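> What would the 3D arrangement of this be:
(4 chains)
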Protein chains: 2
Amino acid sequence: MAATIKDVASKAKVSIATVSLVIHDNDRISPETKKKVLKVIKQLDYHPSKSARDLVSQKTGNIGFILTDDHFLRTEPFYTRIFLGTEFEARDSGFYILLTTVASDYSDNDPLPRFILDRSVDGVIIAGKVPHNLIDRIAKYKLPLIFVDYVLEGDEYPVVLIDNIQGGILATNHLIDYGHKNIAFIGGDIQHPSIYNRLMGYSRALENAGIKHNDKYIHTTSPYPDRQNGYGAAKVLFKKNKNITAVFACNDAMAIGAMHYLKDNGYHIPHDVSIIGFDDVEVDLMLDPPLTTIRVPKIDLGTEAFRLMMEVLKNKNTNRKKILVPVELIIRKSTKKL
Amino acid sequence: MAATIKDVASKAKVSIATVSLVIHDNDRISPETKKKVLKVIKQLDYHPSKSARDLVSQKTGNIGFILTDDHFLRTEPFYTRIFLGTEFEARDSGFYILLTTVASDYSDNDPLPRFILDRSVDGVIIAGKVPHNLIDRIAKYKLPLIFVDYVLEGDEYPVVLIDNIQGGILATNHLIDYGHKNIAFIGGDIQHPSIYNRLMGYSRALENAGIKHNDKYIHTTSPYPDRQNGYGAAKVLFKKNKNITAVFACNDAMAIGAMHYLKDNGYHIPHDVSIIGFDDVEVDLMLDPPLTTIRVPKIDLGTEAFRLMMEVLKNKNTNRKKILVPVELIIRKSTKKL
DNA sequence: TATTCTCAGTTAAACGTTTAACTTGTTTCC
DNA sequence: GGAAACAAGTTAAACGTTTAACTGAGAATA
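Here you go, the predicted model:
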């Protein structure tokens, strides 16, 4: 069995309180005593029990991390990387991350994540869109809550977001710089704030360049921004509009789908059509041609979320903090000067 | 603050022991009392504190999951999916998985994963190859240890492995079936048991088919089985041997690298050269042509590991268990009849 | 009728820490 | 020279459970 504080105390001939104070580097303990105790601690390879600490301190040193199962199972490791960022940062602070997924069609009869009920987390990070009724239920437990890559409209939670508007501007400006004027936008559900903001960036960039906004070039009726819907959106757009020369897809998955449609229908990329995505997922480089895109620093999103959590945990500072993580234009081969 | 067992006890006018017994469905409690207590539990939304439980039961309900950081950061989500499998299975059993990565060049001065020291796990799952000195140090703590996709030669730990030999046979037989005789093998470090066994499968299949084993067709001197080394290996092999018609790469990453080399040098796949990989990673489908490969059920590896852990935890049955997870041939477009 | 059993609980110790409050001996201050 | 301050600890309660050992009342047994 592992050594306990008692073993250390008796071997060092001091009280357990003294051992505890030594561990916490309290200056009420003389240097000699401290040295003696530390020696015994090393000898016995003593490490305080987390269970005991958690109980007495009424903290856990754990942070819950919630996302929907379909986000976690997505082919592109987007949220997985956000999780990783959180995990790395947490380790440096001596925290553990308890990951759990919830059904994307979470109903009120479904159980809450267990770590909330059994009080084994000090706070919860919610990544990506999750069902609203779940958020409502969690909120009742008064745990510090941080959102990443998603916000509830009008809610007061601290949040880490991608600078989607800026990304939309960057992407659209790139196409404009390349001489394009007839630029299509492919998006999923426009209710999703990320997609909405990317579209906002698109509109703003067009406006700044004095290019007329053409609603026919915008497709935002797909429920999910995935490959298949990207294919479908491209089909709709290109059947109706013969003069589109460039496409800005709201994410890489849709961009890939659109690329497939175009290739299947004899368009050459980037010769006939330029295409730019958003996210910079791993496969982009493997595509033919490699996809120009807006890079989202996924790891950073995760680390920022954890840092924000630490801040909230320290300050009890509940006034809303919003961190906007900057994005970057990555030019590859799928876009070309007109 | 959340309700405690005391709150329940006083509101239900029973002792806390009674509440505890009700929770554990002990039949020493009369149906009426049980009903009464359960009602109060529901009213107060009471859930036992995990910290307290952990402390008194001297268990944690946590399992540690260790892999090296480069395995976790790999582009292809291989170990991430194994982790997922473990995580899903764990949730069903009410366990948490504490994930941690260690440096792949772990030195004895580096700290051990914290969850081992502070006793916050009941057992540890080790995924993929990790440094031997780390294993030695962990072993001292006498925690139940399970390996996934890696074994220490001669060690007695329970382990979940891919059926690599069978996979090697499947892959090679497929090429033989397609009429190939001059089949190259591209591998990374042959010391790695997985790669070694895939090569064994290759050899055995050739032997069974009565095809002469040609050492010149085998390249196993790359340190890591990644894309870049796949490219390099293909270069070496095809510069020396003009008559190779098929390649079996020890994993998809190397296969993709080899494909790139071949394309760069005017070979047409699968017309000039057939190529088969191993793993079935996500990008395979996106390749041109889509890669024929051996599918490894990654999620299953993770769930099996967790199940094995539960078994060990229950039975204290330390005699070595070895679970071999079967693989499957996935025929796509990168292989072709000669 | 006295004894033993069974039932349905209760009491209290234990798990391994942290920390407020106390103690005891020595300095410092006026 | 006595009070006050300080230094270096120790004592004991508390955190929220589980569980072995106990209790007291009524039922069954001899």
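> Kindly report the residues of the stretch 151-300 of chain A close to chain B.
Selection of the stretch 151-300 of chain A residues close to chain B by C-beta under 8 Å from any C-beta of the partner chain yields A:256, A:282-283, A:286-288. All C-beta spots, glycine's among them, are computed from the backbone N, C-alpha and C.
> Give me the buried entries from the residues you listed.
Burial by neighbour count, 16 or more other C-beta atoms under 10 Å in any protein chain shown: within these this picks out A:256, A:282-283, A:286-287.
> Quick one: mark the members of the residues you listed that sit in helices.
A:I256 (DSSP state H).
> So which of the buried ones among the residues of the stretch 151-300 of chain A next to chain B is the closest to DNA strand D?
Distance to DNA strand D across these (C-beta to the nearest atom of the strand) is lowest for A:E282, with 44.3 Å.
> The nearest residue to the closest one once chain neighbours are set aside: neighbouring residues, count only.
What sits nearest to A:E282 in space, not counting adjacent residues and going by C-beta to C-beta, 6 or more residues apart in numbering or on different chains, is B:T75, at 4.8 Å. Neighbours of B:T75 under the rule other C-beta atoms under 10 Å in any protein chain shown: 17.
> A:A139 now?
13.
> which residues pair with the nearest residue to it once chain neighbours are set aside across the strands?
Nearest residue to A:A139 in three dimensions, chain neighbours excluded: A:L145, at 7.0 Å (C-beta to C-beta, 6+ apart). Taking DSSP bridges as the rule, A:L145 bridges to A:V124.
> Counting neighbours, what do you get for A:L145?
Neighbours of A:L145 under the rule other C-beta under 10 Å: 23.
> in terms of contact, does it touch A:V159 like I think?
No - contact status for A:L145 versus A:V159: not in contact, 9.6 Å apart, counting by C-beta atoms under 8 Å.
> Can you tell me how far the residue found closest to A:A249 once you drop the neighbours it is linked to in the chain is from A:S222?
Among residues not flanking A:A249 along the chain, A:A255 sits closest, at 3.7 Å (C-beta to C-beta, 6+ apart). A:A255 sits 13 Å away from A:S222, going by C-beta to C-beta, to the nearest Å.
> Overlap in contacts, the two.
A:G230 (C-beta atoms under 8 Å, 6 or more residues apart in numbering or on different chains).
> Which one of those two is surrounded by more residues?
Counted by other C-beta under 10 Å, A:A255 and A:S222 do not tie: A:A255 has more neighbours, with 30 against 23.
> Quick check, pLDDT for that one.
Here the pLDDT value assigned to A:A255 is 97.
> now do the same end-to-end measure for stretch A:152-161.
12 Å (C-alpha to C-alpha, to the nearest Å).
> quick one on the thing from earlier: for A:D155, see how far away the residue nearest to A:A139 is.
From A:L145 to A:D155 the distance is 9 Å (C-beta to C-beta).
> How about the residue of the stretch 101-250 of chain A found nearest DNA strand D: what's its closest non-neighbour residue?
Nearest residue of the stretch 101-250 of chain A to DNA strand D: A:R119, at 7.7 Å (C-beta to the nearest atom of the strand). By the measure of C-beta to C-beta, 6+ apart, the closest residue to A:R119 outside its immediate chain neighbours is B:S49, 5.3 Å from it.
> quick one: the one you found and A:K59 touch, right?
No - B:S49 is beyond contact range of A:K59, at 12.0 Å (criterion: C-beta under 8 Å).
> So for the two, which residue has more residues nearby?
Of the pair B:S49 and A:K59, B:S49 is the one with more neighbours under other C-beta under 10 Å, namely 20 against 14.
> residue contacts, that one?
By C-beta under 8 Å, 6+ apart, the residues touching B:S49 are A:55, A:118-119, B:2, B:4.
> and those, which are buried?
Buried among the contacts of B:S49 (16+ other C-beta under 10 Å): A:55, A:118-119, B:4.
> Which of those residues fall within helices?
Going by DSSP H, the helices hold A:L55 from the buried ones among the contacts of B:S49.
> filter the buried ones among the contacts of B:S49 by proximity to DNA strand C?
Among these, the residues that sit close to DNA strand C (C-beta under 7 Å from any atom of the strand) are A:L55.
> between the buried ones among the contacts of B:S49, which is closest to DNA strand C?
Taking C-beta to the nearest atom of the strand as the measure, DNA strand C lies nearest A:L55 of the buried ones among the contacts of B:S49, at 4.4 Å.
> these two touch, right, the closest one and B:S51?
Yes - contact between A:L55 and B:S51 holds when scored by C-beta under 8 Å: they sit 4.2 Å apart.
> Between the two ends of stretch A:106-122, what distance do you get?
Stretch A:106-122: ends 23 Å apart by C-alpha to C-alpha.
> tell me the mean pLDDT over that stretch?
Taken as a whole, stretch A:106-122 has an average pLDDT of 94.
> Now do the buried residues in that stretch.
Neighbour counts over stretch A:106-122 (16+ other C-beta under 10 Å) mark A:106, A:112-122 as buried.
> Show the contacting residues for the closest residue to DNA strand D within the stretch 201-338 of chain A.
Residue nearest to DNA strand D within the stretch 201-338 of chain A: A:L313 (18.4 Å; C-beta to the nearest atom of the strand). Applying C-beta under 8 Å, 6+ apart to A:L313 gives the contacts A:122-123, A:144.
> Done for today, thanks.
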